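Enquirer: Sequence and predicted structure below; questions after.
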Amino acid sequence: MPPQGGRGPGAAEGILRRQALRESAARTYARSLPIVPVRARGLTIEGADGRRYLDCLSGAGTLALGHNHPVVLEAIRGVLDSGAPLHVLDLATPVKDAFTTELFANLPAGLASDARVQFCGPAGTDAVEAALKLVRAATGRSGLLAFAGAYHGMTAGALSASGGATDVRVTRLPYPQDYRCPFGIGGTEGARLSAAWTESLLDDPKGGVPAPAGMLVEPVQGEGGVHPAPDEWLRRMREITQTRGIPLIADEVQTGVGRTGAFWGVDHAGVVPDVMVLSKAIGGSLPLAVIVYRSELDVWEPGAHAGTFRGNQLAMAAGTATLAYVRRNGLAERAAELGGRMLAALRGLAADQPCVGDVRGRGLMLGVEIVDPDTGAAAPALAAAIRQGCLDRGLIVELGGRHGAVVRLLPPLTLTDEQATAVLDRLADAVPAAAH
């Protein structure tokens, strides 16, 4: 086992101090979570200071099975002990073949029967870039349809499709939500108006919309504040794009592999997209990203999208083990059932705490929006205080939403009932303490 360095509060403080001196100003999680993890298993992280934490960040949703799950470690050790090459570019290997076989076995049936897969660079944002290049090559068009509040990654093309972009050739469409509906209505009618606006804009010859090469949508907006897409609305997006020959791209980087209570976020609505962007959990905690798409879109030339590290054998082995474990153990169904109970408990908290404006989510992808009780405005400073209060109580959470005022819970799909209770108890203790 490689050395882990010193332990104890002094050692942890030294490591954090050196990190602050050496690492860039762009670091993020390290600022809000000043801990030094040295061991981890399942939901639990042990810091160098000896403290234990319940991790409801899960690598921003990467750790579907939690930290160091035995089936993942066994898969990685199997590759290491086999003498197989660890780096193969995009050559075929038994490890890759096993991964693609398991992946295709879990895809929506309407896509799996006629799909191609492209292995991308190891980050989800690179898979988004690949998806955009693919649909532009296939359609000969350059415009893009995306949604307010979206988050698709940190590279230039992915950022252009995300909610904070400016001065780009992306048509921004309204994403339905109840609590802060762009039409001031919410519910079924708000979603209907969102779809009607989209259809009207696309069919308006003076709408100013560049001919779209594709529509990029998240089945649940995660970083945007945990907003699940209404099923009927997502079905309308599929109809609107299909009748106009616009490829529908589902960004399943965070929603995939059981997270939302179905294997894929689009499964709730019964929608089969033309392209799926996959990363995070599909690598079993290691870097891996792919796009899967209808074969008719497979028109690009060899080398049109490449990457030196698209052949990550360890990640493919870990991913195969994770996909199979989620499928065999019904973890998507478990996420739906446990997530529903947690959502109900959080709504009970909202009833008692005026600073909780809204609770929402799907499966084990949950959000608690923190507001000023007097005005109803987002309260990012209070949300940050709640996050710190959770950390003080041994619970790791992060913030999202338009103003960083949504406390997000992304526990592993292996979460037990007892662990769920502990998470809720610590959050329920932190909220009033920070509010008062």
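Expert: All right, it came through fine.

Enquirer: Residue 415: how many residues sit nearby?
Expert: Per other Cβ atoms under 10 Å, the neighbour tally for residue 415 reads 25. Glycine gets a C-beta too; all of them are placed from N, C-alpha and C.

Enquirer: Does it touch residue 338 like I think?
Expert: Yes: contact criterion Cβ atoms under 8 Å: residue 415 and residue 338 qualify, at 6.4 Å.

Enquirer: which neighbours do the two share?
Expert: Common contacts of residue 415 and residue 338 (Cβ atoms under 8 Å, 6 or more residues apart in numbering): residue 364.

Enquirer: what's the spacing between residue 218 and residue 226?
Expert: 11 Å (Cβ to Cβ, to the nearest Å).

Enquirer: Residue 210 in helix, strand or coil?
Expert: Put simply, residue 210 is coil when judged by DSSP: H, G, I helix; E, B strand; the rest coil.

Enquirer: Residue numbering should commence at 611 henceforth.
Expert: All right, first residue 611 from here; so that's residue 820.

Enquirer: List the contacts of it.
Expert: By Cβ under 8 Å, 6+ apart, residue 820 lies in contact with 751, 752, 753, 779, 781.

Enquirer: In CSV, list those along with distance to residue 745, secondary structure and pLDDT.
Expert: Output for the contacts of residue 820, formatted as CSV (distance: Cβ to Cβ, whole Å; DSSP: H, G, I helix; E, B strand; the rest coil; pLDDT from 0 to 100):
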residue, distance to residue 745, secondary structure, pLDDT
751, 8, coil, 93
752, 10, coil, 89
753, 10, strand, 90
779, 14, coil, 73
781, 14, strand, 87
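
Enquirer: Pull out the buried residues from the residues you listed.
Expert: Neighbour counting by 16 or more other Cβ atoms under 10 Å classes 751, 753, 781 among those as buried.

Enquirer: which one of the residues you listed is nearest residue 645?
Expert: residue 781 (41.6 Å; Cβ to Cβ).

Enquirer: ok, now which ones touch that closest one?
Expert: Per Cβ under 8 Å, 6+ apart, neighbours of residue 781: 753, 754, 755, 756, 811, 819, 820, 822.

Enquirer: What residues does the third one make contact with?
Expert: Meaning residue 755. By Cβ under 8 Å, 6+ apart, residue 755 lies in contact with 780, 781, 783, 808, 812, 819, 822, 824, 825, 826, 856.

Enquirer: Could you dump those into JSON lines and include secondary structure and distance to residue 953?
Expert: Below are those laid out as JSON lines (DSSP: H, G, I helix; E, B strand; the rest coil; distance: Cβ to Cβ, whole Å):
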{"residue": "780", "secondary structure": "strand", "distance to residue 953": "32"}
{"residue": "781", "secondary structure": "strand", "distance to residue 953": "33"}
{"residue": "783", "secondary structure": "strand", "distance to residue 953": "27"}
{"residue": "808", "secondary structure": "helix", "distance to residue 953": "28"}
{"residue": "812", "secondary structure": "helix", "distance to residue 953": "34"}
{"residue": "819", "secondary structure": "coil", "distance to residue 953": "36"}
{"residue": "822", "secondary structure": "strand", "distance to residue 953": "35"}
{"residue": "824", "secondary structure": "strand", "distance to residue 953": "32"}
{"residue": "825", "secondary structure": "strand", "distance to residue 953": "28"}
{"residue": "826", "secondary structure": "strand", "distance to residue 953": "27"}
{"residue": "856", "secondary structure": "coil", "distance to residue 953": "33"}
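
Enquirer: ranges for the strands of the stretch 811-960 of the chain?
Expert: In the stretch 811-960 of the chain, the strands defined using DSSP state E, counting those that start in this stretch lie at 822-827, 830-831, 837-838, 858-861, 885-888, 900-904.

Enquirer: And residue 982, what's its pLDDT?
Expert: Listed pLDDT for residue 982 reads 96.
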